[in-house]
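**Student:** the following comprises the amino acid sequence and a computationally predicted model.
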Amino acid sequence: MNAGHGTRRKVGKQQHFNTRATSDPETLMEIQSLFTKARAYVKPSKKEWCIPNPNVSLRHPAEQHCRLQALKVSLNAVKNQLSDKDVQVWHQHTNFTNRAGKVIAAVRSAANAEVCTQAWCKFYEIMGTFNLLPEEALQTGELNTVHLCEAPGAFITALNHFIKTRESTRYCDWSWAANTLNPYHEANGGSTTIADDRLIANTLPWWFFGSDNTGNIMIQSHLLELQAFVSNMRRVDMVTADGSFDCQENPDEQEALVASLHYCEVTAALLLLSPGGSFVLKMFTLYEHSSICLLYLLNCCFHSVNIFKPATSKAGNSEVYVVCLNYDSKDAVRPLLSKLIRNYGPHMANREALFPSALVPESFLKQHEEVCVYFHTLQVKTITENLQLFKGMSTEQRQQLDHIRDCVANEYLQRFQVSFLPRRRWISRKAVSPVCCSMSAGRPLGQKKQTGSFNERRELQTLNWRERIERGSHASWILRHCTEAGGTGCVLEGLLKDCLVDSWYVIIGPALPELRNSPFCDGGLLNHLNEALMDTVVDWRCVAPCVSCYVVYSASILSDVACIFKHNSDGIKKKKRQCLVFGSRSVWGSCENQVKDLVLTFSEEPPFPKTDCIKLHDGEPLYQQQLLGCLVFSLQTLDSGDALLLPVLSALTRVTAAVVLCLHVCFHSVTFRCPPPSGVVGALLVCVGFCPEAAVRILPFLTSIQNSMSQLLREENDMAKNQSSGCDRQVLQFVPMEELLTGGLTEFLWTMNSEIIQQKLHLLMQS
């Protein structure tokens, strides 16, 4: 074993500080040690580390290694001391004790870094410490990289920054491709999907989401599709894999929970990489047999394997990076790789062990144990220190910590030669819409925002959904009675003229099982609603309205429509305008005589989804097909300047959001009222000032989409009649996400969906 094998530079005595740290050897040593937390495996000279016969792989049960399991028990005992700590208070404390806590701010200030997150700083540090870029790529000036589980894209932007600010790589011809769980796919959610789409929204063609549009790299077909996706690359020089799951509700078993993901990431890297290529894999503790086998395999496939803990990775967590340099070739690993691909999937680690213990050499196990002991010692030391400081810090301790943090930030900038990069050289040169930025920064897409201590969160899981809402941050808003119609003042004004209809395309994939997240609403609210629906049998058509909430009257809506007409007429006498209403004449007809400038015509509104589809919200294929039918009928029927009143259940899916965008294209004013007069849930879209010329642009495409939806529904019905099993499919998207995330549309949808979900939860809490 050694502590720097494969590193770019050995740490010497010289320093870059202009602070009093230069005269303090102890502080100097502490700062140096932060940047040298690395251990490298050293292969025996007799080549005894070699890939076992594939015939024995995945055939034997996994075995526990006593000494490593003792480390696991020891570490968990220390971590369990945090179980009663409020997570936000504890994070605030550890953010202050984190020696590298000022690095991100320093990089943002000095370097103008794109998507500058902790992940950016970690990967830039890895690149500055190891020779990740193969010699062939540097010599030819052509670099190709693939990034797995990459959202939000900080590894990519860090690599771009590194390449464009170094003399040796400044003019390198770099191509990249990335994969992640699709943040826009409604069935993705829970603890796995990253909401931050700052880079993704502007670089979608470079992102691989697979044939089912989920982006799940643990699906076997996606692995082979990814290989085809990057087939235009002459060679693949580097693969990174930064994936993980949210294991905070079961932190003791983090390593086991992510083991299958790590198997899939390694298999993908071995399949994609060219000889001489590099691989960077995020892992955690390395105590289980699955980790031993995986690291042994990597040592057999690469000339150099290093376990590295960046200074910018919080010292109290278990995160480490496996840095693999100089890939041998696929030829040596091909027989085993074929078997790994056949067994590829989300339960890969739950099957038999990759290799039996007898085939993992003792010389490797000895080095691996040394690695585990080294990082175990570092982590336990940090947690113990944080616990001690949590009880109280003296003024002198605070000042010393703050001084060290300044020194570390300064050392980081100089050690890794962090330079300024103009925005024009970013990957995403186009500025992301401020609305999109605010939405992506604020929406958790199903990820739970943690509060309280671990023990309190565990107790929360024993409560029913009502009690969880009452204890949650949305409680007061959900419980309050509405005093006015939702949507007043939220308007999409003016025709949306700059949409590129010729570039619209259809994405068809497996039918949504349920709607777990949406880029168009608050993920915490949607989680609350889904939890409530899981425990409640509800038919929204039969739910009684809340007697204390404001009632939206049809007369007031028609009066608002007439006022908009009058405002837009500029005093010129106009003919009566048609207002197409999707709803019951009994609800609206009595008001017709009260609004003299309107002629109401009626059509049937889309019906509510079946009760067993309640958790699909507006994602049920039949509902979407009928809603799109209403849109097409309206655009074919209305005359210039006319109005439309269209009720919607919600606009959580990309399809329904696209319907709203189409209305924005064709009407001068689009607003909403919540709830609609004809029902107790949902919203009424109020569209005024129809423009036939705009409708002509999109009608052929919408008619084609409607036909596709009808065909898919017929196929589903035929399968049901024949009792044949098949993969039900539905239209998932027909307007590019780039257009759904621009302008004020996202904010409009966010507001409307929040009102609808609040209304539903309010009614369920009242019932």
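**Tutor:** Yes, it's here.

**Student:** how about Ile507, nearest residue that isn't a chain neighbour?
**Tutor:** Gln733 (4.2 Å; CB to CB, 6 or more residues apart in numbering). For the C-beta atoms, the positions are set from N, CA and C on the backbone; glycine is no exception.

**Student:** which residues of the stretch 451-600 of the chain fall in strands?
**Tutor:** With strands called from DSSP state E, counting those that start in this stretch, the stretch 451-600 of the chain shows them at 491-493, 507-510, 577-582, 598-603.

**Student:** list the strands paired with the third one, with their directions.
**Tutor:** Strand 577-582 pairs in its sheet with strand 598-603 (parallel), strand 643-648 (parallel), by DSSP bridges.

**Student:** which of those has the lowest average pLDDT?
**Tutor:** Ranked by mean pLDDT, these bottom out at strand 598-603, which scores a mean of 89.

**Student:** check which residues of stretch 273-280 are buried.
**Tutor:** Buried residues in stretch 273-280, counting neighbours by 16 or more other CB atoms under 10 Å, are found at Leu273, Ser274, Gly276, Gly277, Ser278, Phe279, Val280.

**Student:** quick one: mean pLDDT for that stretch?
**Tutor:** Computed over stretch 273-280, the average pLDDT equals 97.

**Student:** repeat for stretch 509-522
**Tutor:** 92.

**Student:** need the winner for burial among the strands of the stretch 451-600 of the chain.
**Tutor:** strand 577-582 (a mean of 23; mean count of other CB atoms under 10 Å).

**Student:** how far does stretch 466-477 stretch from start to finish?
**Tutor:** End-to-end distance for stretch 466-477, by CA to CA, to the nearest Å: 14 Å.

**Student:** re earlier: distance to Trp207 for the strands of the stretch 451-600 of the chain - can I get that in TSV?
**Tutor:** Converted to TSV, the strands of the stretch 451-600 of the chain look like this (distance: least, CB to CB, whole Å):
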stretch	distance to Trp207
strand 491-493	28
strand 507-510	13
strand 577-582	37
strand 598-603	40
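
**Student:** name the SS class of the residue nearest to His668 when sequence neighbours are not counted, please.
**Tutor:** Nearest in space to His668, with sequence neighbours left out and distances taken as CB to CB, 6+ apart, is Gly689 at 3.0 Å. Here Gly689 takes the strand state, with states given by DSSP: H, G, I helix; E, B strand; the rest coil.

**Student:** do I have it right that Gly689 meets Phe667?
**Tutor:** Yes. The criterion here is CB atoms under 8 Å, and Gly689 meets it with Phe667 at 5.5 Å.

**Student:** quick one, which of those two is more surrounded?
**Tutor:** Higher neighbour count among Gly689 and Phe667: Phe667, with 29 against 21, using other CB atoms under 10 Å.

**Student:** across the sheet, point out what pairs with the closest residue in space to that one that isn't next to it in sequence.
**Tutor:** Using CB to CB, 6+ apart and skipping residues adjacent in sequence, the residue nearest Phe667 is Cys687, 4.1 Å away. As for beta bridges, Cys687 partners with Leu644, Val670 under DSSP bridges.

**Student:** gap between Cys687 and Lys615?
**Tutor:** 29 Å (CB to CB, to the nearest Å).

**Student:** ok, now Leu204?
**Tutor:** From Leu204 to Lys615 the distance is 28 Å (CB to CB).

**Student:** with Ile478 instead?
**Tutor:** Per CB to CB, Ile478 is found 18 Å from Lys615.

**Student:** which of these two has more neighbours?
**Tutor:** Set Ile478 next to Lys615 and count neighbours by other CB under 10 Å: Ile478 wins out with 20 against 17.

**Student:** in this structure that one contacts Gln758, no?
**Tutor:** Yes. Here Ile478 reaches Gln758: they are 5.8 Å apart, a contact under CB under 8 Å.

**Student:** where does this structure dip in pLDDT?
**Tutor:** For the chain, applying pLDDT under 70 flags the ranges 1-23, 190-191, 247-249, 430-457, 459, 567-574, 592-594, 722-727.

**Student:** for Lys282, helix, strand, or coil?
**Tutor:** strand.

**Student:** tell me, how many residues neighbour it?
**Tutor:** Look at Lys282: counted by other CB under 10 Å, it has 23 neighbours.

**Student:** tally of neighbours for the residue nearest to it when sequence neighbours are not counted?
**Tutor:** In space, Lys282 comes closest to Asp242 once its chain neighbours are excluded; the distance is 4.9 Å by CB to CB, 6+ apart. Around Asp242 there are 20 other residues, counting by other CB under 10 Å.

**Student:** tell me the contacts of Asp242?
**Tutor:** Ala119, His147, Leu148, Cys149, Glu150, Phe155, Lys282 (CB atoms under 8 Å, 6 or more residues apart in numbering).

**Student:** recalculate using a threshold of 10 Å.
**Tutor:** Counting by CB atoms under 10 Å, 6 or more residues apart in numbering, Asp242 touches 119, 122-123, 147-151, 154-155, 180, 265, 280-282, 321.

**Student:** do a quick rundown of the helices in the stretch 351-500 of the chain.
**Tutor:** 362-390, 395-415, 434-442, 454-460, 465-471, 475-479 (DSSP state H, counting those that start in this stretch).

**Student:** need the phi and psi values for the residue nearest to Ile507.
**Tutor:** phi -160, psi 140 (degrees, to the nearest 10).

**Student:** just to revisit the earlier point, which residues does the residue nearest to His668 contact?
**Tutor:** Contacts of Gly689 by CB under 10 Å, 6+ apart are 493-495, 564-565, 568, 577, 640-644, 666-670.

**Student:** please, a ChimeraX command that selects the buried ones among the residues you listed?
**Tutor:** Selection of the buried residues among those in ChimeraX, burial being defined by 16+ other CB under 10 Å:
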select :495,564,565,577,641,642,643,644,666,667,668,669,670
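
**Student:** about what we covered before: just the ones of the buried residues of stretch 273-280 in strands?
**Tutor:** Ser278, Phe279, Val280 (DSSP state E).

**Student:** quick check: beta-bridge partners of the second one?
**Tutor:** When bridges are called by DSSP bridges, Phe279 pairs up with Val239, Cys324.

**Student:** residue contacts, it?
**Tutor:** When contacts are counted by CB under 10 Å, 6+ apart, Phe279 touches 132, 146, 238-241, 265-266, 268-270, 272-273, 298, 301-302, 305, 322-325, 327.

**Student:** now do 7 Å
**Tutor:** Applying CB atoms under 7 Å, 6 or more residues apart in numbering, we find Phe279 in contact with Val239, Ala269, Leu273, Cys324, Tyr327.

**Student:** check the last one too.
**Tutor:** Applying CB under 7 Å, 6+ apart to Val280 gives the contacts Ile126, Thr240, Tyr321, Val323.

**Student:** leaving out sequence neighbours, find the closest residue to it.
**Tutor:** Thr240 (4.6 Å).

**Student:** any idea how far His303 is from the one you found?
**Tutor:** Plainly put, Thr240 is 18 Å away from His303 if you go by CB to CB.

**Student:** swap in Leu600?
**Tutor:** 77 Å.

**Student:** now do Gln730
**Tutor:** As judged by CB to CB, Gln730 and His303 stand 48 Å apart.

**Student:** can you tell me how far the residue nearest the centre of the chain sits from Asp535?
**Tutor:** By CA atoms, centre = their mean, the chain has its centre lying nearest to Ile194, at 1.9 Å. Per CB to CB, Ile194 is found 28 Å from Asp535.
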